[in-house]
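S.K.: below: sequence and its predicted model.
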Amino acid sequence: MIRHIKDDTEQEDGWEDEDSGLTMLPTKLCCPQALTPLSPSRPKSPWGRFDPYDSFEEDREYVGFATLPNQMHRKYVKKGFEFTLMVAGESGLGKSTLINSLFLTDLYRDRHILSPEERVTQTVEIVKQTVDIQEKGVRLRLTVVDTPGYGDAINNEICWKPVADYIDQQFEQYFRDESGLNRRNLQDTRVHCCLYFLSPLGHGMRPMDIEFLQALQDKVNIVPILGKADSLTPTELQQKKQRIRDEIDKYGIRIYQFPECDPDEDEDFKQQDIELKKSIPFAVIGSNTIIEVNGRRVRGRMYPWGVVEVENEEHCDFIKLRTMLIRTHMQDLKDVTRETHYENYRAQCIQNLTQRVVRERNRNKLTRESGTDFPIPSMPPSPDHETQRLIREKDEELRRMHEVLQKMQRQMKDSQ
């Protein structure tokens, strides 16, 4: 039986239940723990009791869409993240060491160091390694694409071609996968960022560097890296950086552009963004050796005249590169890859397919219009080069359609 609870400051009339004859009172006059209906189930927040989206308002004023960030957070944390990083540049600039230092892992444990004789005859290869990294419950599948042999040959005229072909192959594979029936578990192998290592020797970029950057600027996000920064004095380092920036502007090379900060961003973030833009190209030092300096254990290199610390911003730009690549701009690199580079490739593919269909229709129409009622027997003319090319393209298109059809049939069979 419900007791009648009176309020000394405010008295409201209740109403009588016709069936039981009991007097019912408004909910707010009763004990809230006893009579207030339970709150709707809310997703568990990753912030716990410090959830900024949690609401202590009355249930009638709570809709629930404020928990959408929590729902998205749980979804993506459960699914995990993927990131593909390409490193390119001539041998000996510290590419492998830098990757191990960035992600605190050892990707090149079984690497074979080539001798000088092997490097002379070596061609550019594409080596892909994938590792699963977990940090505070967040899983990241990191794929590092290395290019051993780049720049090691005597003739490096088109050494960028295998790299460009690999990027296009990943775009093509993703285009085929998303055009199929089962698009639930797409594997994103597209290259999201390319760290291109520049040599500290010389006065600027070499012709091979300029040719590589111009060939890949519309295919991938390029971040220039100045390797072996500890081989330059501070003055030489700043001069080298400025020279590289001037050459990038001179030759119209489009590298990765940092997004502009929103007006409502805090001042610390804006200042950090300005410093990152000024640091291009990032001068880095890589080391996996732990040394002790003044009672501190740091990663660095020991020289007779002192110690170079990898994570010291006064010595190199390693911290800034890691901040940009992992902590602040990793998602933007993926967004630019999807919305710009891949969309350009996808639009070009659709345009090429449309042009082929139009040419085929025009050729069939011309064949029908040129037909006669009484065909005259004649020797079939030998096909010219254009006709042969069209035939090859048609055969290739039919082959691809056959592969897609087989893949769709396998997917339908697996789904059953």
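M.R.: Nice, thanks for sending it over.

S.K.: extract the CA atoms of stretch 240-247 and return them as PDB.
M.R.: These are the backbone C-alpha positions of stretch 240-247, laid out as PDB (Å, rounded to 0.1, in the frame of the first residue of the first chain):
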ATOM      1  CA  LYS A 240      69.200  22.500 -45.600                       C
ATOM      2  CA  LYS A 241      65.600  22.600 -44.500                       C
ATOM      3  CA  GLN A 242      65.000  26.000 -46.100                       C
ATOM      4  CA  ARG A 243      66.700  24.900 -49.400                       C
ATOM      5  CA  ILE A 244      64.400  21.900 -49.600                       C
ATOM      6  CA  ARG A 245      61.300  24.000 -48.900                       C
ATOM      7  CA  ASP A 246      62.300  26.400 -51.600                       C
ATOM      8  CA  GLU A 247      62.800  23.600 -54.100                       C
END
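
S.K.: and that stretch, which residues are buried?
M.R.: Applying a neighbour-count criterion of 16 or more other CB atoms under 10 Å, one finds 240-241, 244-245, 247 buried in stretch 240-247. All C-beta atoms are positioned from the backbone trio N, CA, C, and that covers glycine.

S.K.: pLDDT weak spots in the protein?
M.R.: Low-confidence segments of the chain, defined by pLDDT under 70: 1-60, 107-123, 153-155, 368-387, 390, 415-416.

S.K.: what's the burial count for residue 161?
M.R.: The number of residues packed near residue 161 is 11, by other CB atoms under 10 Å.

S.K.: for it, give its distance to residue 124.
M.R.: Using CB to CB, to the nearest Å, one obtains 8 Å as the distance from residue 161 to residue 124.

S.K.: what does residue 156 give?
M.R.: Residue 156 is 9 Å from residue 124, by CB to CB.

S.K.: over to residue 411?
M.R.: Distance from residue 411 to residue 124, by CB to CB: 35 Å.

S.K.: which of the two has more neighbours?
M.R.: residue 124 (20 against 14).

S.K.: thought that one was touching residue 157?
M.R.: No. Checked against CB atoms under 8 Å, the pair residue 124 and residue 157 is beyond contact range at 11.8 Å.

S.K.: residue 143 belongs to a helix, doesn't it?
M.R.: No. The assignment for residue 143 (DSSP: H, G, I helix; E, B strand; the rest coil) gives strand, which keeps it out of a helix.

S.K.: partner residues bridging it?
M.R.: Beta-bridge partners for residue 143, by DSSP bridges, are residue 84, residue 130.

S.K.: correct me if wrong: it contacts residue 126.
M.R.: No. Assessed by CB under 8 Å, residue 143 is found out of contact with residue 126, at 11.8 Å.

S.K.: quick one, phi psi at residue 293?
M.R.: Per-residue torsions, residue 293: phi -130, psi 110 (degrees, to the nearest 10).

S.K.: mind listing the residues bridging to it?
M.R.: Taking DSSP bridges, one obtains residue 296 as the residues bridged to residue 293.

S.K.: from residue 394, how far out is it?
M.R.: Using CB to CB, which is the criterion applied here, residue 293 is 67 Å from residue 394.

S.K.: same question for residue 147.
M.R.: With the distance defined as CB to CB, residue 147 ends up 35 Å from residue 394.
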